[in-house]
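Undergrad: Predicted model, plus sequence, below.
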Amino acid sequence: KTCRRFPREDVTTTIWAANCTVNDVTWTSGDDDFSDVCDSLGGMYNAAVEFTESVRVTTCTNDNGNCCEKYNKTQKSNRTTAILILKTPYCIGFCVALILHLLLPEDREEADDDATLGEPAKAEPTMIKGQDDDDEA
């Protein structure tokens, strides 16, 4: 993973909801003015009990793609390099050509006719016309 430190998020857990007791009847509500309504009815209001803790979140908390507080720079650069290579057609072609070059054998050289017969090729001296005339003069 490229993330070195994940963000924290506050998570609130309700242990029990706010309730109101009037004449041995208890009901709960999540309304903001529930305590005022309970007091106007002459009931006994009990506030909600909640517990809040900070939890480290290892997934994206708000789906904006920024899911990490601090990245490992080396792993992030390696990941970015791999993504660029795989997204660029020229790099993909180069990688395929490199793999094929390593896997496929090289072509054989075509042999001359003399070499296939087993006789070594002989170089015969050639004379240029008019060369003997110069030597005599």
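TA: Thanks, I have the structure now. Note that the structure is a prediction, hence the values are computed from the model and not measured.

Undergrad: who are the neighbours in contact with the residue nearest the centre of the chain?
TA: Compute the mean C-alpha point of the chain, and by Cα atoms, centre = their mean the closest residue is residue 79, 5.3 Å away. Contact criterion Cβ atoms under 8 Å, 6 or more residues apart in numbering gives residue 2 as the residues in contact with residue 79. The way it works is simple: take the backbone N, C-alpha and C, and place the C-beta from them, glycine included.

Undergrad: did I read that right, it in a helix?
TA: Yes: counting by DSSP: H, G, I helix; E, B strand; the rest coil, residue 79 falls inside a helix.

Undergrad: so where is this protein shaky, pLDDT-wise?
TA: When residues are selected by pLDDT under 70, those of the chain lie in 1, 60-66, 111-137.

Undergrad: residue ranges of the helices in it, please?
TA: For the chain, the helices defined by DSSP state H occupy 34-40, 73-87, 89-103, 113-117, 131-136.

Undergrad: Give me the neighbour count for residue 69.
TA: Number of residues near residue 69 (other Cβ atoms under 10 Å) recorded here: 12.

Undergrad: Isn't it up against residue 6?
TA: Yes: with contacts defined as Cβ atoms under 8 Å, residue 69 counts as touching residue 6 at a distance of 6.7 Å.

Undergrad: Please tell me how far the nearest residue to residue 45 once chain neighbours are set aside sits from residue 8.
TA: Nearest non-adjacent residue to residue 45, counting by Cβ to Cβ, 6 or more residues apart in numbering: residue 38, 4.1 Å away. For residue 38, the distance to residue 8 (Cβ to Cβ, to the nearest Å) stands at 35 Å.

Undergrad: from what I can see residue 52 touches residue 8, true?
TA: No: under the criterion of Cβ under 8 Å, residue 52 is not in contact with residue 8, lying 11.9 Å apart.
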